[in-house]
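Peer 1: Let's see this in three dimensions:
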Amino acid sequence: QCCCILLPRREGERNCGWFAAIPLVVKGGLRTFQPLRCLSASVASEPFLNATSSNYVEEMYYAWLENPKNVHKVQLVFKLKFASGVQIVSSTTQHIISKLVADHLAVHSLIRAYQSTLPLREIIRRLELAYCQHIGVEFMFINDVEQCQWIRQKFETPGIMQFSPEEKRTLLGRMIRSTRFEEFLQRKWSSEKRFGLEGCESLIPALKTIIDKSSQSGVESVIMGMPHRGRLNVLANVIRKELEQIFCQFDSKLEAADEGSGDVKYHLGMYHKRMNRVSDKYITLSLMANPSHLEAVDPVVQGKTKAEQFYCGDIEGKRVMSILLHGDAAFAGQGIVYETFHLSDLPSYTTHGTIHVVVNNQIGFTTDPRMARSSPYPTDVARVVNAPIFHVNADDPEAVMYVCNVAAEWRNTFHKDVVVDLVCYRRNGHNEMDEPMFTQPLMYKQIKKQKGVLQKFVEKLTAEGVVTTQKYEEEVARYDKICEEAYTRSKDEKILHIKHWLDSPWPGFFTLEGQPKNMSCPSTGITEEELKHIGNIAASVPVEDFTIHGGLSRILKGRGNMVSQRVCDWALGEYMAFGSLLKEGIHVRLSGQDVERGTFSHRHHVLHDQNVDKRICIPMNYISPDQAPYTVCNSSLSEYGVLGFELGFAMASPNALVLWEAQFGDFHNTAQCIIDQFISSGQAKWVRQNGIVLLLPHGMEGMGPEHSSARPERFLQMCNDDPEVLPVSFYDFAMRQLHDCNWIVVNCSTPANYFHVLRRQILQPFRKPLIIFTPKSLLRHPEAKSSFDDMLPGTHFKRVIPDDGPAAASPEKVKRVIFCSGKVYYELTRERKNRGLDSEVAVIRIEQLSPFPFDLVRNETDRYPNADLLWCQEEHKNQGYYDYVKPRIRTTINRTRPVGYAGREPAAAPATGNKQTHLMELQRFLDTAFDV
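Peer 2: Got it, this is the predicted structure:
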């Protein structure tokens, strides 16, 4: 006779599912079994070994005292030990016995639980009430027992989802405002695109619930990012933007008052501080402006959130938090969602938990879910970071409100991401002018029959006696009147002020009119003492008993030698810039792949102890006792997400130098959306300045097509200056040019100029993105060094570096002027020297490509009246700088002389993969350059 027992898995055990026991022969009427189990929890930690189980143990003990045969032999051994306290078996045997005893107790305790508490039918009923109604919870993949138990308690406790009549009336009021706002817009502007919220009106009370609960928990600032659907409703009823400011956006005769081109109404952001009526505390709400590119704003929001947490010392994320809204198709389809999730728990990028709200209208434009994703749910991407996912029927406002309360509590308790999936529908097409019946006829026949969520909710509350029909109609009429009055006022608005929609104001940085306080920039040089002090820090290990790598010791010694000789290479020049800004109280943050050491092993801003794991030293944080902190952080292997994050970080304050470095310059093209939609055009669209710096390693070094070009032609093509218009020169010409441009593009050829352009980025009275094409071979080039004299007080960034050799001494004898930029200068001067043409050929470096230095280029062309002009670059003719600089040089000289070209021929790829071909191409264009 045999038996087999199945035991359920216990908390803490690694194995999943059920555990089969080995059937054993029954001897003398006593059944024994030996289950196959792999426990990761000790017997002492078993949940069944509690006070209830001790009664069972005591019963067995007294049964054994009457007759030892009454108790199984395994239990007998246990009881003898229990009675005497003497160890009578070996430790191995004792461990096996302990496990067997634990299994026996588990089964008996389970039986006892059924007997003394709840019948199976009641257990099933309660679980169905928790999980089979309008809420579905995904959390069993979370590998943390405490978190799982917390979620169970929130959804399995009987009666936990009950709301008071007052809470229901508040919820109804929010549903009225959400629904009637969309209906008002539809009545007034039926033929306008507005990407309404119809079908998911419960989003508004959802967001307000999250904000209320978070404010009660101590959150003072909420930063939000969202797509276009429902944006106007969120601005009106969550952020509380004045309704007349929203309504006037529909007026086609409205004139723009600000500089720039503006943006459509459903892309604009907003910043507002107001009293939260539930918590009775002030809270700041910021909705970030964003482009049509779905989910692109996600990392930007996270970066700004991180910055605000950093500046207010919120190291646990208790005062500043982010909320991200998503569409179902974009949440599943856009890779930036995955990249952003993977920043969520990284030390230098975590925002300590984001609440994600998915407006899941079960369609993407015209695409069905079965064509839009391979996973069961659009939210499955969140499982990679163990974020719980709460699916909720958006037609049940009470369920939505409860889930959002739990989400806010989760974030406040565990400071981890959480997802609320509002399962809803889209009553109209993709926009109000779109016909969805073309592609989803059956779906939209069903939607047309669907009763509105507000109507259903009102009927429910009326039946419960929570609200009367009269009271409801009065509330509707009151809000309709508010909208009508705002509509009347909106007709008085004749001018659109985009700056009224600013999502990231910088109090005190500009004048009250939003203009720079002056149009000058002081000298970017620093004192000799500062240079020596910072240089010595760069050459030292300011921590005792810290063992560094032998190769690094040689590097630091070399830095010390340079300081004593009053020169610096590229890495030391960067150190001088960062260190001096930190000393002046400016936070510096450098982020990107492998930036701590530097891709080319030149930076070494983080030192690692060779004997103690994870022990590091950042000398830059030892410059001065009252300095600003320096943050340098290796990022995840992401460009799109990390660049977006750093852009957001730079938005929070103008008093920080925020830099993102690409591992190689051409890797920026995987972040092209951030560059095109935010960095290049952000100020023009949203009147929002940003001083982010992009460091893009660039240069033809024979490394092949993927590690050569940072694609300067793309950045220059997006510059907003006119190549055919010569700007009028006046005393602040250079600064005025910088103020009017959309970004600054430079290719520095000396460490001193790199030092100056970084410091100018902070010392100038406004903020512009700065694109720097940084060198590779020049990092260690013996000629690419700068004297301290070029970095002292009174020195500035040089937009153009003239020739200072024999050609400059006798300009009338010069036959050719070669303009160039970057590393190719050193190859040109070497070739010129080898050919003995130092007096006949002048080589002039244009360090700032955009805004183009018309004034300084004219000075150089006037200096050499008898020379022909030539642009030389190492890039291919259809790439690089040629198409940008040629028409501007021609405009400078009023087209009196032709501008020749020396460089590589047009090509599809940025560079050859063959070293010999690379050298042949180099020699060929050098021959062209010096064929005088």
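Peer 1: For Ile537, which residues are in contact?
Peer 2: Counting by C-beta atoms under 8 Å, 6 or more residues apart in numbering, Ile537 touches Tyr575, Gly579, Pro619, Met620, Tyr622, Ile623. Every C-beta, even on glycine, is put in place using the N, C-alpha and C of the backbone.
Peer 1: Now do the same for it: its pLDDT.
Peer 2: We note a pLDDT of 97 for Ile537 in this prediction.
Peer 1: roughly how far is the helix or strand that contains it from the heart of the chain?
Peer 2: Per DSSP states H and E: Ile537 is located in helix 528-538. Distance of helix 528-538 from the chain centroid (C-alpha atoms, centre = their mean, to the nearest Å) equals 35 Å.
Peer 1: go on, stretch 500-520?
Peer 2: 25 Å.
Peer 1: who touches the most centrally placed residue in the chain in this structure?
Peer 2: With distances taken as C-alpha atoms, centre = their mean, the residue of the chain nearest its centroid is Pro299 (2.2 Å). With contact set as C-beta under 8 Å, 6+ apart, Pro299 has these partners: 336, 339-340, 343, 640-645, 647-648, 674.
Peer 1: Look up the pLDDT of it for me, please.
Peer 2: You'll see Pro299 listed with a pLDDT of 97.
Peer 1: which stretch of helix or strand covers it?
Peer 2: With DSSP H and E as criterion, Pro299 is part of helix 298-311.
Peer 1: Might you calculate how far whatever helix or strand comes next after that helix sits from the centre of the chain?
Peer 2: Counting by DSSP H and E, the next helix or strand C-terminal to helix 298-311 is strand 320-327. In terms of C-alpha atoms, centre = their mean, the gap separating the centre of strand 320-327 from the centre of its chain is 11 Å.
Peer 1: List the buried residues for strand 320-327?
Peer 2: Val320, Met321, Ser322, Ile323, Leu324, Leu325, His326, Gly327 (16 or more other C-beta atoms under 10 Å).
Peer 1: Greatest separation within those: which pair is it?
Peer 2: Farthest pair in those (C-beta to C-beta) is Val320 and Gly327. Separation: 25.3 Å.
Peer 1: which stretches of the stretch 401-550 of the chain form helices?
Peer 2: Secondary structure of the stretch 401-550 of the chain, counting by DSSP state H, counting those that start in this stretch: helices at 441-449, 453-464, 469-490, 528-538, 550-564.
Peer 1: so which of those is the most packed in?
Peer 2: Compared across the helices of the stretch 401-550 of the chain, helix 528-538 shows the largest average neighbour count, a mean of 19 (mean count of other C-beta atoms under 10 Å).
Peer 1: Determine how far the one helix or strand Arg125 maps to lies from the middle of the whole chain.
Peer 2: Here Arg125 sits within helix 120-131, counting by DSSP H and E. Mean C-alpha position of helix 120-131 versus that of the full chain (C-alpha atoms, centre = their mean) differs by 41 Å.
Peer 1: ok, back up a step: can you tell me the closest non-neighbouring residue to the residue nearest to the centre of the chain?
Peer 2: Sequence neighbours aside, Gly644 is the residue nearest to Pro299 in space, at 3.3 Å (criterion: C-beta to C-beta, 6 or more residues apart in numbering).
Peer 1: what sits against Asp721?
Peer 2: Taking C-beta under 8 Å, 6+ apart as the test, what Asp721 contacts is Gln737, Asp740, Cys741, Ser850, Pro851, Phe852.
Peer 1: Output the below-cut-off pLDDT ranges for the chain.
Peer 2: Applying pLDDT under 70 to the chain picks out residues 1-66, 68-95, 97-98, 105-116, 257-259.
Peer 1: how far out from the middle of the chain is the helix or strand Val843 falls within?
Peer 2: Taking DSSP H and E as the criterion, Val843 maps to strand 841-846. On the basis of C-alpha atoms, centre = their mean, strand 841-846 sits 42 Å off its chain's mean C-alpha point.
Peer 1: cool, and stretch 263-278?
Peer 2: With C-alpha atoms, centre = their mean, you get 20 Å for stretch 263-278.
Peer 1: do the same with stretch 764-782
Peer 2: 24 Å.
Peer 1: can you give me the strands in the stretch 601-750 of the chain?
Peer 2: 607-608, 616-617, 630-634, 656-661, 693-697, 744-746 (DSSP state E, counting those that start in this stretch).
Peer 1: list the helices and strands the last one packs on?
Peer 2: Yep, that's strand 744-746 we're talking about. Contacts defined by 3 or more C-beta pairs under 8 Å, 6 or more residues apart in numbering; DSSP states H and E place strand 744-746 against helix 712-717, strand 770-774, strand 848-850.
Peer 1: Identify all contacting residues around it.
Peer 2: Contacts for strand 744-746 (C-beta under 8 Å, 6+ apart): 712, 715-716, 719, 738, 757, 768-773, 847-851.
Peer 1: And that strand, what's buried?
Peer 2: Neighbour count says strand 744-746 has Ile744, Val745, Val746 buried, by 16+ other C-beta under 10 Å.
Peer 1: The closest residue to Leu643 other than its chain neighbours - how many residues pack around it?
Peer 2: Once flanking residues are discounted, Leu643 sits nearest to Ala671: 4.2 Å by C-beta to C-beta, 6+ apart. As a burial measure, Ala671 scores 25 neighbours (other C-beta atoms under 10 Å).
Peer 1: my guess is Ala671 meets Leu647, correct?
Peer 2: No - taking contacts as C-beta atoms under 8 Å, Ala671 lies outside contact range of Leu647: 9.5 Å.
Peer 1: so can I have CSV of the contacts of Asp721 showing neighbour count and distance to Lys823?
Peer 2: Shown next, in CSV, are the contacts of Asp721 (neighbours: other C-beta atoms under 10 Å; distance: C-beta to C-beta, whole Å):
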residue, neighbour count, distance to Lys823
Gln737, 20, 25
Asp740, 13, 29
Cys741, 18, 24
Ser850, 26, 19
Pro851, 25, 22
Phe852, 27, 20
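Peer 1: Just give me the closest of these to Arg554.
Peer 2: Closest to Arg554, out of all of the contacts of Asp721 and judged by C-beta to C-beta, is Ser850, at 39.2 Å.
Peer 1: Just list whatever residues bridge to that closest one.
Peer 2: Val745 (DSSP bridges).
Peer 1: quick one: contacts of stretch 181-189?
Peer 2: Contact partners of stretch 181-189, identified using C-beta under 8 Å, 6+ apart, comprise 192, 194, 196-198, 201, 232-233, 236-237, 247, 250, 432, 479-480, 483, 487.
Peer 1: 10 Å - rerun?
Peer 2: 192, 194, 196-199, 201, 204, 230, 232-233, 236-237, 243, 246-247, 249-251, 427-428, 432, 452, 454, 476, 479-480, 482-484, 486-487, 490 (C-beta atoms under 10 Å, 6 or more residues apart in numbering).
Peer 1: what does stretch 471-487 give?
Peer 2: 169, 172-173, 176-181, 183-185, 187-188, 236-237, 242-248, 250, 454, 457-458, 461-462, 467-468.
Peer 1: 7 Å - rerun?
Peer 2: Residues from elsewhere that reach stretch 471-487 (C-beta atoms under 7 Å, 6 or more residues apart in numbering): Gly173, Ile176, Arg177, Arg180, Phe184, Lys188, Leu243, Glu244, Phe247, Val458.
Peer 1: Confirm that Glu874 sits in a strand.
Peer 2: Yes - with DSSP: H, G, I helix; E, B strand; the rest coil as the criterion, Glu874 is located in a strand.
Peer 1: Can you tell me how far it is from Arg845?
Peer 2: 14 Å (C-beta to C-beta, to the nearest Å).
Peer 1: who has more neighbours, those two?
Peer 2: Remark: of Glu874 and Arg845, Glu874 carries more neighbours, 27 against 23, as counted by other C-beta under 10 Å.
Peer 1: number of nearby residues for Met433?
Peer 2: For Met433, the number of neighbouring residues by other C-beta under 10 Å comes to 11.
Peer 1: no no, Ile495
Peer 2: Neighbours of Ile495 (other C-beta under 10 Å): 10.
Peer 1: Domain-wise, how is the chain divided?
Peer 2: Domain assignment for the chain by the TED database gives 165-501, 528-698+747-790, 800-930.
Peer 1: Between the two ends of the last one, what distance do you get?
Peer 2: Distances were taken as C-alpha to C-alpha, to the nearest Å; on that basis the terminal residues of domain 800-930 are 21 Å apart.
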